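Enquirer: Sequence plus the predicted model coming up.
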Amino acid sequence: MDFITKKEIDLVALLQKSHCPSAGAIVLFSGEVRNHNVGKSVSYLEYEAHASLAAKMIAEILLAARNRWSLSIAYAQHRIGKVKVTESAVVVITASVHRGEAYASNRYIIDRIKHEVPIWKCEHFADGSKEWGGNCNCDKETGDVNKHIYEFESI
Amino acid sequence: MRIQVFAILKDFFKKEFELKVALHTIADLRTHLSLLNPNATPVLNRCRFAVQDEFVTDEYTLTGNEHVVIIPPSSGG
């Protein structure tokens, strides 16, 4: 399956494919485009990626999560190109025996994708302006572009 | 060597361009690009560099034939 896609993400179809006899819990996270940011009205987002490197890194992150939490399913897909308000830009699906592992691993995967994987968003605002925004700023605290402060570690 | 940039770096450089100067390391490349466009320095200082889909450090030795990808801080999701 494609980890990076130009097509609209079909959440229902992906969930339908994620049922697993050994899993008592499935968590689906959808990161969606909202209509505002930093006090400005957002028209849409445009994503770009270094597709081959991004796909390779997502595969590595999914494998790490699968091994760490013994998951039945670990899947993620990120959309590139123009993504409209309410559409999904990224989906992460995890399935495990119990819900704890499915929740924890899902947060781990989305955190690592947001901080590490070479994907960027350009915000297009209603006033016609645009800005490459929302980038990882962890290095300002850690002093190292390869060291991040993850939300999943603070739970 | 061939240089490819993404996202905000496209505001400072062409998306892809050729560099024909002799540079020994990634650190030298970073410095060279800063001199070419000083306004890009704050971004360049926070970028990761990759060669053939592998991240490389500032000490990585360049031969001049590489395709170097410059990766600003991520903002996916």
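Expert: Sure thing, it's come through. Numbers count the residues shown, from 1 in each chain, chains lettered A, B, ... in the order given.

Enquirer: most remote residue from chain A's center?
Expert: Using Cα atoms, centre = their mean, the residue of chain A lying farthest from its centre is A:Asp127. It sits 27.3 Å away.

Enquirer: can you dump the C-alpha coordinates of stretch A:58-77 into PDB?
Expert: The C-alpha trace of stretch A:58-77 is given here as PDB (Å, rounded to 0.1, in the frame of the first residue of the first chain):
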ATOM      1  CA  ILE A  58       7.200   5.600   7.400                       C
ATOM      2  CA  ALA A  59       7.800   1.900   6.700                       C
ATOM      3  CA  GLU A  60      10.600   1.900   9.400                       C
ATOM      4  CA  ILE A  61       8.400   3.700  11.900                       C
ATOM      5  CA  LEU A  62       5.600   1.300  11.400                       C
ATOM      6  CA  LEU A  63       7.900  -1.700  11.800                       C
ATOM      7  CA  ALA A  64       9.300  -0.200  15.000                       C
ATOM      8  CA  ALA A  65       5.800   0.300  16.400                       C
ATOM      9  CA  ARG A  66       4.700  -3.200  15.300                       C
ATOM     10  CA  ASN A  67       7.600  -4.700  17.200                       C
ATOM     11  CA  ARG A  68       7.400  -2.500  20.300                       C
ATOM     12  CA  TRP A  69       3.700  -3.100  20.900                       C
ATOM     13  CA  SER A  70       3.200  -6.500  19.200                       C
ATOM     14  CA  LEU A  71       0.600  -5.000  16.900                       C
ATOM     15  CA  SER A  72      -1.600  -7.000  14.500                       C
ATOM     16  CA  ILE A  73      -1.800  -3.900  12.200                       C
ATOM     17  CA  ALA A  74       0.200  -0.800  11.800                       C
ATOM     18  CA  TYR A  75      -0.500   1.400   8.900                       C
ATOM     19  CA  ALA A  76      -0.100   5.000   7.900                       C
ATOM     20  CA  GLN A  77      -0.700   7.100   4.800                       C
END
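
Enquirer: can you pull out the strands in the chain?
Expert: You didn't pick a chain, so chain A it is. A:4-5, A:25-32, A:36-37, A:40-49, A:73-79, A:81-84, A:88-96, A:119-125, A:130-133 (DSSP state E).

Enquirer: my bad, the chain I had in mind was chain B
Expert: B:2-5, B:16-18, B:48-51, B:54-56, B:67-71.

Enquirer: tally of neighbours for the closest residue to A:Leu63 other than its chain neighbours?
Expert: Nearest residue to A:Leu63, sequence neighbours excluded (Cβ to Cβ, 6 or more residues apart in numbering or on different chains): A:Ala74, at 7.8 Å. (Glycine included, C-beta is placed from N, CA and C.) With neighbours defined by other Cβ atoms under 10 Å in any protein chain shown, the count for A:Ala74 comes to 24.

Enquirer: Thanks a lot, catch you later.
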